[in-house]
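# show me how the following folds:
(one chain, ligands or ions: 1)
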Amino acid sequence: MTAKALPDYDADTIVVGGGIIGVAIAAVLHDRSVVVLDSGEPRFGTSMANAGHIVVSHATPFAAPGMVRMGLKSLAARDGSFALSPKLPLSGLSWLGKFMSKCNETNSAALTPGLLSLLEVSAAQVRQLGIPTTPTRLWEIFTSRHSQQDALRQVEHMQQVGLPAHLIDRSEALDSEPLLTSQVQAVVELGEDFGINPEALWKTLRDANSDATYVNNVTVDSLAAFTDRVLVGVGNTTYSARTVVIAAGAWTPTVTKLVGVNLPIIAAKGYSITIANMRANISHPMILADEKTAVDPMGSELRMSARFELTRANDRSIATKRIHQMYERARHTMRLPEFPASMESLSPWTGVRPVSADGAPFIGPLASAPNVLVASGHGMIGTSMAMGTADLIARYLRGERISEAELALTPHR
Ligand SMILES: Cc1cc2nc3c(=O)[nH]c(=O)nc-3n(C[C@H](O)[C@H](O)[C@H](O)COP(=O)(O)OP(=O)(O)OC[C@H]3O[C@@H](n4cnc5c(N)ncnc54)[C@H](O)[C@@H]3O)c2cc1C
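Next up, the predicted model:
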C-alpha cells in the first residue's frame with residue numbers, strides 16, 4: 001500500500017470485523033478511541049443465528065484424539081454432519097493435513113488450559129450483562145445403543161477437566177422435557193453451560209461502548225504496519241491507528257495475508273432453522289450428541305442447528321436437503337410437527353465458522369508486526385469465547401500480564 005502523508009481517519013485501535021469477537025473487543029476498550037470496520041452490517045452474520053450455547057464444557061480443542069476417525073465415518077455416511085463442499089478451495093487440503101496432524105493428546109494438553117480460561121471468563125461476564133439466559137443448564141442427549149457408556153465417558157471427561165457434569169435420571173428427564181421421545185437413552189447435564197440469544201448478545205456488546213465508532217460496508221483491502229502506526233486501507237480511504245486487531249472470522253487469512261502472514265483458518269458452514277410459536281417449548285438448551293444437532297429455546301421460538309461443512313468463506317448457499325435432514329434427525333429425539341410445506345417458515349440460515357487447524361483460536365500480536373493483533377479462529381464456540389477473548393486482547397493492548405496458558409494461543413504457535 002502507498003502510505004499517504006496524512007490518513008483520512010485516526011484512532012487508537014482499529015478492529016477489522018464487527019462479528020461477535022469484534023464487538024466484544026470494542027466493548028471493553030473504554031479507555032481509547034476505537035473504530036470497528038466491517039464489510040457488511042456485519043456482512044454474513046455468522047454470529048447472529050447460531051445455537052447460542054455458552055459452553056464452558058467445550059474446553060478441549062476441536063483437534064482432539066478420535067476426531068479423524070469420527071470425521072472419516074461422517075464423510076462415509078450419506079447425511080454425515082461433517083462434510084467437504086465441492087466449493088472447498090485448494091488451501092482446504094493443506095488445512096486438513098495440519099488438522100489431522102494435530103488430533104493428539106499433546107495438542108489437547110497444550111491448548112486446553114487457555115481455552116478453559118477464555119470460556120470461564122466469558123461465561124462469568126455474559127452473566128453480568130443482564131441479557132436473558134436460560135434458567136436451566138445444557139443437556140447432552142444420547143440415543144444410540146452405546147448411550148450409557150458414551151454418557152459416562154462424557155461425565156468422566158468433564159471431571160478430568162475439572163468441570164461439573166452429572167447423569168440425569170432418564171424418566172425424570174422425559175417428565176421435565178415432554179418434547180423428548182422414548183428414543184432418549186441417557187442425559188448428561190453440563191453443569192456450567194447455558195443458553196442465550198446470540199443476536200441479543202451481539203447487540204448488547206455493540207452498544208456497550210458509546211465511544212466506539214462502527215463503520216459498515218467497508219472492506220479492508222490493505223494494511224501497512226510501521227513502528228508506531230498501522231495504516232489500514234479501504235479503497236481510496238486510509239485509516240490510521242496505533243494498533244489494529246484482526247477479528248475477521250472466516251475471512252481472517254485474507255486480511256493477515258495483507259501483512260504477509262498465512263494463518264490456517266478455514267470456513268465451516270453450519271445451518272440453523274428457527275421454528276416460531278412452538279406450542280410446547282423446551283426449557284433446556286440441548287445437544288443431541290448422536291444426531292449432531294443442537295436444539296434450543298429462544299424465547300417463544302425453538303432453534304435447531306447442525307452441520308460442519310468445510311467450504312470457502314463466501315459460501316452461504318442453503319441446500320433444502322440439509323435442512324430436511326437436520327429436522328428429521330431432531331424428530332427422532334423430539335416430538336415435532338411434520339416438516340412444513342414451506343421451508344421459508346423455518347427461517348433457514350447458514351453461517352461460516354472460522355476454524356483453526358489445531359482447534360483453538362489465534363489470539364495475540366503477530367510476531368512480524370507486534371502492533372497488529374489477531375483474534376480469530378474460534379470455530380464452533382466463538383460466541384462462548386467472545387468476552388474472554390476481548391479481555392485477553394485488552395490486556396495485551398495495556399501491556400498487562402499474560403499467563404502461560406493464554407500465551408499458548410499466540411498466532412505464531
Ligand atoms: C450453525 C452454527 C451454530 C453455532 N453455534 C454456536 C454456539 O452455540 N455457541 C458458540 O459459542 N458458537 C457457535 N457458533 C460459532 C460462532 O457463531 C462463531 O465462532 C462466531 O460467530 C465467529 O465470530 P467472529 O466474530 O470471529 O466472525 P464473524 O461473525 O463472521 O465476523 C467476522 C466479520 O468480519 C468481517 N470482515 C471479513 N473480512 C473483512 C474485511 N476485509 N474488512 C472488513 N470486515 C471484514 C465480516 O463481514 C464479518 O462480519 C455456531 C456457528 C454456526 C455456523
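# every contact and neighbour count from this point should use C-alpha atoms.
Fine.
# what segments of the stretch 201-350 of the chain are strands?
Using DSSP state E, counting those that start in this stretch, the strands assigned to the stretch 201-350 of the chain run over residues 213-215, 222-225, 230-234, 237-246, 265-275, 286-288, 293-298, 301-311, 349-356.
# with mean neighbour count, mean pLDDT and distance to the ligand added, can I get these in JSON lines?
Written out in JSON lines, the entries for those read as follows (neighbours: other CA atoms under 10 Å; pLDDT from 0 to 100; distance: least, CA to the nearest ligand atom, whole Å):
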{"stretch": "strand 213-215", "mean neighbour count": "16", "mean pLDDT": "94", "distance to the ligand": "9"}
{"stretch": "strand 222-225", "mean neighbour count": "20", "mean pLDDT": "96", "distance to the ligand": "9"}
{"stretch": "strand 230-234", "mean neighbour count": "22", "mean pLDDT": "96", "distance to the ligand": "8"}
{"stretch": "strand 237-246", "mean neighbour count": "22", "mean pLDDT": "97", "distance to the ligand": "8"}
{"stretch": "strand 265-275", "mean neighbour count": "25", "mean pLDDT": "95", "distance to the ligand": "4"}
{"stretch": "strand 286-288", "mean neighbour count": "24", "mean pLDDT": "96", "distance to the ligand": "9"}
{"stretch": "strand 293-298", "mean neighbour count": "24", "mean pLDDT": "93", "distance to the ligand": "8"}
{"stretch": "strand 301-311", "mean neighbour count": "22", "mean pLDDT": "94", "distance to the ligand": "5"}
{"stretch": "strand 349-356", "mean neighbour count": "26", "mean pLDDT": "96", "distance to the ligand": "4"}
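# any chance of those in TSV, plus distance to Arg322?
Converted to TSV, the strands of the stretch 201-350 of the chain look like this (distance: least, CA to CA, whole Å):
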stretch	distance to Arg322
strand 213-215	35
strand 222-225	37
strand 230-234	37
strand 237-246	32
strand 265-275	8
strand 286-288	16
strand 293-298	12
strand 301-311	8
strand 349-356	11
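# which among the ones you listed is found nearest to Ser117?
Of all these, it is strand 349-356 that lies closest to Ser117, at 18.3 Å by CA to CA.
# what is that closest one packed up against?
Using 3 or more CA pairs under 8 Å, 6 or more residues apart in numbering; DSSP states H and E as the contact test, the elements touching strand 349-356 are strand 265-275.
# list the contacts of the strand it packs on.
With CA atoms under 8 Å, 6 or more residues apart in numbering as the contact definition, strand 265-275 has outside contacts at 49-51, 92, 95, 250, 252-253, 301-313, 315-316, 318, 323, 345-357, 377, 379.
# partners of it, with directions?
Strand pairing for strand 265-275, using DSSP bridges, gives strand 301-311 (antiparallel), strand 349-356 (antiparallel).
# ok, which of those strands comes nearest Leu223?
Set against Leu223 and scored by CA to CA, the strands paired with strand 265-275 come closest in strand 349-356, at 20.9 Å.
# name the element Ile14 belongs to?
For Ile14, the host element (DSSP states H and E) is strand 9-16.
# got the buried residues for that strand?
Neighbour counts using 16 or more other CA atoms under 10 Å place Asp10, Ala11, Asp12, Thr13, Ile14, Val15, Val16 of strand 9-16 among the buried residues.
# hmm, the helix or strand following it touching the ligand?
Proceeding N to C from strand 9-16, the next assigned helix or strand is helix 20-28, under DSSP H and E. Yes: Helix 20-28 lies in contact with the ligand when judged by CA under 6 Å from any ligand atom; the contacting residues are Ile20, Ile21, Gly22.
# list the contacts of the last one.
Contacts for Gly22 (CA under 8 Å, 6+ apart) come out as Val15, Val16, Val36, Ala247, Ala248.
# how about Leu231, nearest residue that isn't a chain neighbour?
Closest residue to Leu231 apart from its sequence neighbours, by CA to CA, 6 or more residues apart in numbering: Ser240 at 4.6 Å.
# where does this structure have its least confident helix or strand?
When the helices and strands of the chain are compared on mean pLDDT, DSSP states H and E, helix 67-76 comes out lowest with a mean of 86.
# and the contacts of Gly22, which two are furthest apart?
With distance counted by CA to CA, no two of those lie farther apart than Val36 and Ala248, which are 10.8 Å apart.
# settle it for me: which of those two has more neighbours?
Summary of the neighbour comparison: Val36 and Ala248, criterion other CA atoms under 10 Å, with Ala248 having more neighbours (27 against 24).
# what's the burial count for the closest residue to that one other than its chain neighbours?
In space, Ala248 comes closest to Gly17 once its chain neighbours are excluded; the distance is 4.5 Å by CA to CA, 6+ apart. Look at Gly17: counted by other CA under 10 Å, it has 32 neighbours.
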